[in-house]
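Colleague: heads up, no residue letters with this:
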């Protein structure tokens with residue numbers, strides 16, 4: 001009985017302390033605050049890329065594989081990636097199985113061609129020899145008919161006439177044999193030329209295949225470091241991989257004096273990326289090192305990368321610094337500056353809220369005051385405030401208690417629209433026909449900013465004001 005009483009007392013004390021802690025927590029509300037920043041503002045696009053040489057020498061496999069009807073070749077051996085080789089040194093060995101089968105077939109075809117050549121030569125020799133013998137026999141027959149015709153001069157007219165006719169027939173047969181022999185010689189020459197061409201073709205096919213075999217051992221065309229080639233899926237070609245006859249590149253020898261980062265930009269941001277824009281480049285291998293670069297190439301057509309549903313555009317960034325320690329395939333973090341503004345007021349994105357196309361912030365003025373603001377250029381963390389906020393204001397990073405019930409302080413009518421938009425509206429009142437084209441141009445300018453690069457930056461997306469607060473606030 002006494003033990004039960006002790007347990008009840010302990011449970012009561014525990015409940016009392018819990019209620020006390022809950023009351024204290026509810027009274028000590030933490031306010032997360034932030035102040036606007038005045039200064040230079042940058043809008044950026046951040047991507048991850050991979051280093052590669054801007055120019056390189058390609059190491060090719062067999063160049064005449066298509067003529068040999070070999071469409072794919074497997075890599076048996078390949079030196080490790082990063083191996084430094086000299087001109088003429090071994091790089092790779094390709095599988096010769098298909099080639100050896102082709103050579104065996106070519107040898108069989110060559111044997112058939114040689115046999116056909118010999119048979120045709122013998123046939124034409126026999127045919128021409130028989131034709132010569134027939135011609136000699138016909139000449140003898142013609143001579144005999146001529147003698148009989150001369151001896152019948154004292155015979156009766158009918159006998160004499162018969163002898164003359166026999167002589168004429170024999171002479172005509174002999175003359176015909178001369179013409180036939182000439183034709184037979186021409187036929188024999190044509191047949192021999194045909195089989196000779198077939199034999200030459202078979203010999204050349206075998207020699208080309210044998211010469212092609214020497215190209216299956218691949219050597220370096222120049223001095224350099226071996227970097228593996230990537231296939232259409234982006235995977236490196238290693239031992240066991242296949243190269244095709246249309247693009248028989250096995251590896252490359254990059255020029256490491258000029259490097260570039262190949263990256264991919266999402267289709268949402270690609271319109272803001274332009275050639276010549278500056279880039280800050282970081283290395284995952286050495287986060288303390290910072291490099292600079294410039295956008296040099298932007299793909300005109302998007303693509304879908306493996307294991308991704310988003311469309312991206314390939315962008316190449318040339319590294320400004322020359323550094324011998326940079327190596328191909330190093331991972332880079334690229335921050336592309338797409339727009340810059342000087343002497344502007346900007347605040348954290350967490351302080352901005354949007355309702356029904358109106359943007360506003362909660363300003364601490366004794367209590368929370370909800371003020372409408374006009375937004376400008378935006379990046380991943382901050383947004384420019386063009387109107388509606390003072391430099392010395394104190395902002396809530398999260399929606400304050402009771403803030404949603406406060407009345408919204410609207411901007412003056414003349415500050416709700418940008419000056420250029422006001423001028424555009426005035427022009428369209430004078431010239432209604434130019435309204436559509438002018439307004440579209442202004443809207444495009446807001447997206448692209450100063451210098452046709454983005455006045456809104458990433459402002460097409462809503463500001464973050466989810467009330468979750470930020471670590472950068474002050475109590």
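Modeller: Thanks, I have it. Worth saying up front: this structure is predicted, and the values here are computed from it rather than measured. Numbers count the residues shown, from 1 in each chain.
Colleague: Show me the domain layout of the chain.
Modeller: 44-52+256-340, 57-95+216-249, 100-214, 347-448 (automatic domain parsing).
Colleague: for the helix or strand hosting residue 201, packing partners?
Modeller: Taking DSSP states H and E as the definition, residue 201 sits inside helix 157-214. With contacts taken as 3 or more C-beta pairs under 8 Å, 6 or more residues apart in numbering; DSSP states H and E, helix 157-214 sits against helix 97-151. Backbone N, C-alpha and C define where each C-beta goes, glycine included.
Colleague: what about the helix it packs on, average pLDDT?
Modeller: Helix 97-151 carries an average pLDDT of 87.
Colleague: just the angle between it and helix 157-214, please?
Modeller: If you take axes from the mean of the first three to the mean of the last three C-alpha atoms, to 10 degrees, helix 97-151 sits at 170 degrees to helix 157-214.
Colleague: what helices or strands is helix 97-151 leaning on?
Modeller: Against helix 97-151 (3+ C-beta pairs under 8 Å, 6+ apart) you get helix 157-214.
Colleague: so what does the helix or strand following the helix it packs on touch, helix or strand wise?
Modeller: Past helix 157-214, further along toward the C-terminus, the next helix or strand under DSSP H and E is strand 217-219. Here strand 217-219 touches strand 90-94, going by 3+ C-beta pairs under 8 Å, 6+ apart.
Colleague: now the strand it packs on against helix 157-214, angle please.
Modeller: Using the same axes, to 10 degrees: strand 90-94 against helix 157-214 is 130 degrees.
Colleague: Residue 277 and residue 336: what is the separation?
Modeller: From residue 277 across to residue 336, the span is 6 Å (C-beta to C-beta, to the nearest Å).
Colleague: For those two, list the residues in contact with both.
Modeller: residue 295 (C-beta atoms under 8 Å, 6 or more residues apart in numbering).
Colleague: Go through the domains of the chain and name the closest to residue 34.
Modeller: domain 347-448 (5.2 Å; C-beta to C-beta).
Colleague: can you map out the strands along the stretch 351-475 of the chain?
Modeller: For the stretch 351-475 of the chain, the strands defined by DSSP state E, counting those that start in this stretch occupy 352-355, 358-365, 367-372, 374-378, 382-387, 395-396, 408-409.
Colleague: List the buried residues of the second one.
Modeller: Under the neighbour-count criterion of 16 or more other C-beta atoms under 10 Å, strand 358-365 has 359, 360, 361, 362, 363 buried.
Colleague: Distance to residue 50 for these - can I get that in TSV?
Modeller: Below are the buried residues of strand 358-365 laid out as TSV (distance: C-beta to C-beta, whole Å):
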residue	distance to residue 50
359	38
360	43
361	41
362	44
363	46
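Colleague: The residues you listed: which two are farthest apart?
Modeller: The farthest-apart pair in these, when distances are taken by C-beta to C-beta, is 359 and 363, at 13.4 Å.
Colleague: Pick out whichever of residue 277 and residue 336 has more residues nearby.
Modeller: residue 336 (25 against 20; other C-beta atoms under 10 Å).
Colleague: Spit out the contact partners of the more buried one.
Modeller: Taking C-beta under 8 Å, 6+ apart as the test, what residue 336 contacts is 44, 45, 46, 47, 265, 273, 277, 278, 279, 295, 315, 317.
Colleague: Buried among those? Make that a PyMOL selection.
Modeller: Paste this into PyMOL to select the buried members of the contacts of residue 336, with burial taken from 16+ other C-beta under 10 Å:
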select buried, resi 44+45+47+265+273+277+278+279+295+315+317
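Colleague: Let me know the closest of the contacts of residue 336 to residue 102.
Modeller: When those are compared for distance to residue 102 (C-beta to C-beta), residue 315 wins out at 43.9 Å.
Colleague: So what touches the helix or strand that contains that closest one?
Modeller: Under the criterion of DSSP H and E, residue 315 resides in strand 311-319. Here strand 311-319 makes contact (C-beta under 8 Å, 6+ apart) with 47, 49, 51, 54, 258-267, 270, 273, 279, 281, 291-299, 301-305, 326, 334, 336.
Colleague: Restricted to strands, list those residues.
Modeller: Among the contacts of strand 311-319, the members found in strands (DSSP state E) are 47, 49, 51, 259-266, 279, 281, 291-298, 303-304, 334, 336.
Colleague: which of these are buried?
Modeller: By 16+ other C-beta under 10 Å, those give 47, 49, 51, 259-261, 263-265, 279, 281, 291, 293, 295, 334, 336 as buried.
Colleague: returning to that earlier point: so which of the domains of the chain gets nearest residue 31?
Modeller: domain 347-448 (7.0 Å).
Colleague: got the phi/psi numbers for residue 394?
Modeller: phi -120, psi 130 (degrees, to the nearest 10).
Colleague: list the contacts for it?
Modeller: Residue 394 touches 33, 34, 35, 363, 364, counting by C-beta under 8 Å, 6+ apart.
Colleague: any idea how far the nearest residue to residue 228 once chain neighbours are set aside is from residue 116?
Modeller: Closest residue in space to residue 228, ignoring its immediate chain neighbours: residue 236 at 4.1 Å, by C-beta to C-beta, 6 or more residues apart in numbering. Distance, residue 236 to residue 116, using C-beta to C-beta: 49 Å.
Colleague: and what of residue 80?
Modeller: Taken as C-beta to C-beta, the span from residue 80 to residue 116 is 51 Å.
Colleague: In terms of neighbours, single out the busier of these two.
Modeller: Applying other C-beta under 10 Å to residue 80 and residue 116 shows that residue 116 carries more neighbours, namely 15 against 9.
Colleague: quick one: that one and residue 195 touch, right?
Modeller: Yes - in this structure, residue 116 is within contact of residue 195 by C-beta atoms under 8 Å, at 5.2 Å.
Colleague: For residue 375, report the pLDDT, please.
Modeller: 91.
Colleague: now swap in the one 3 residues further on and tell me
Modeller: At residue 378, the predicted lDDT confidence score is 85.
Colleague: Specify the beta-bridge partners of it.
Modeller: Here residue 378 shows beta-bridge partners residue 383, assigned using DSSP bridges.
Colleague: I'd say it and residue 359 touch.
Modeller: No - look at residue 378 against residue 359 with C-beta under 8 Å: they stay out of range, at 10.8 Å.
Colleague: Quick one: low-confidence residue ranges for the protein.
Modeller: Within the chain, the segments meeting pLDDT under 70 span 1-30, 419-475.
Colleague: mind running it again at 50?
Modeller: Counting by pLDDT under 50, the chain contains low-confidence residues at 1-2, 22, 24-27, 422-475.
Colleague: Give the residue farthest from the middle of it.
Modeller: Residue farthest from the centre of the chain, counting by C-alpha atoms, centre = their mean, is residue 154 at 105.3 Å.
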